[in-house]
Each structure stands twice: as C-alpha cells, then as structure tokens.
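A.B. asks: This is a predicted model, with the sequence first.
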Amino acid sequence: MKSIEVIVPRKLIKKFYLHPEPYGDGAYVVDLINGMYTDVFYREEGGFITITSEKDLITYLKKNQSISNDYFYRDGVYSFRQIKEQDHSLLENWKTISPITIQLDVAKGHDLPNEFIVCFYWIEVGKIVINDSRRLTLNIYEKDFISILDISIVLDDLRKEQTD
C-alpha cells in the first residue's frame, strides 16, 4: 500500500517524544491512547499529521477524527486553551515535575481566565495561573519541547496583550 497523509487528532495522543531523526521543528514520535505509536508532524491549521501505509493505524485514525481543541488565543506556534476534564491526568503528572517558573504582574482589567494551558506546536507544555493580586505565574513542565527564547516570546505577548 502506498503511504498516505492522515490527520492525528490531538485527543488520541497520550505522550510526545522528541523525534530521533533531524526533521526540524514540529516532528515528534507519539504514543497513541490505543497503544500504537507513530511519528507526527505539526500542522499550522491545528493538530498533527502522520504519513503512513500501516492499515491498522490508518483505519484507527480515520474512525476517530474529531473536532480539535478550542484555543482562545493563538500566535504562531503557541496557543492558550481552557483546562478541561481530559487534562486531569496531565496536571497530576506535572505535579511530579519541577517546572521553570516565571512570574509577572497583569493589568487590573485583564480578560484572561484565572488558569489555562499553554501549548507549543499544539503540545501542552505548561500552565498559567493568575491569582487574586493579579500575579501571573507561568509554569513550564515539558521543558524538552520549548526553548527559553520561545518562553520569552509567550511572556512578551502576554505583556503586550495587557497594554493594548
């Protein structure tokens, strides 16, 4: 069978790994929730694709196409989304990881939720919490997937959004 390109819905991905071959940014190996694994590539439109000829994988992915996550903010390769029930195990796993933590103050009338997920290349990499005293805390847990430079871009955009 000839290889075809198939969308890999984010909700089917259990865990991401850095790709062992140098395909550039946006290439990962993933464990799927059904126990299969494949390599995936970032799509600007949202989610990921895989290029495969494996019939079982193609059938599984095509049967499980779904609506993607809702993101309330997106700029380039990073985005923000509300925390959902499906994030419970991810948030529990993050409790065992020592994050990169950065804090900054936000404007009084900000329109951001008090807690939300930070995604980079559609991968959940951290969480933002804004407390009552308008102190924003960014915790990055998946440090292998985002650089310090990219974290600073996220922070710069958060600051810019508060001054607009």
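C.D. replies: Noted; the coordinates are in hand. Numbering: from 1, shown residues only.
A.B. asks: Which element, helix or strand, includes the residue lying closest to residue 76 once chain neighbours are set aside?
C.D. replies: Leaving aside its chain neighbours, residue 76 sits nearest to residue 153 (7.9 Å; criterion: Cβ to Cβ, 6 or more residues apart in numbering). C-beta here means a position set from N, CA and C on the backbone, and glycine is covered the same way. Assigned by DSSP states H and E, residue 153 belongs to helix 148-163.
A.B. asks: In contact with residue 144, which residues?
C.D. replies: The neighbours of residue 144, taking Cβ atoms under 8 Å, 6 or more residues apart in numbering as the test, are residue 18.
A.B. asks: ok, now how distant is it from residue 155?
C.D. replies: 19 Å (Cβ to Cβ, to the nearest Å).
A.B. asks: Pretty sure residue 43 sits against residue 49.
C.D. replies: Yes - assessed by Cβ atoms under 8 Å, residue 43 is found in contact with residue 49 at 5.7 Å.
A.B. asks: on that earlier part again, isn't the residue nearest to residue 76 right next to residue 120, touching?
C.D. replies: No - counting by Cβ under 8 Å, residue 153 does not reach residue 120; the two are 9.9 Å apart.
A.B. asks: From the centroid of this structure, which residue is nearest?
C.D. replies: The centre of the chain sits closest to residue 123, judged by Cα atoms, centre = their mean, with a distance of 2.2 Å.
A.B. asks: Touching, that one and residue 15? I think so.
C.D. replies: No - look at residue 123 against residue 15 with Cβ under 8 Å: they stay out of range, at 10.1 Å.
A.B. asks: and residue 90, which of the three is it?
C.D. replies: helix (DSSP: H, G, I helix; E, B strand; the rest coil).
A.B. asks: Against residue 104, how distant is it?
C.D. replies: From residue 90 to residue 104 the distance is 24 Å (Cβ to Cβ).
A.B. asks: ditto for residue 26
C.D. replies: Taken as Cβ to Cβ, the span from residue 26 to residue 104 is 28 Å.
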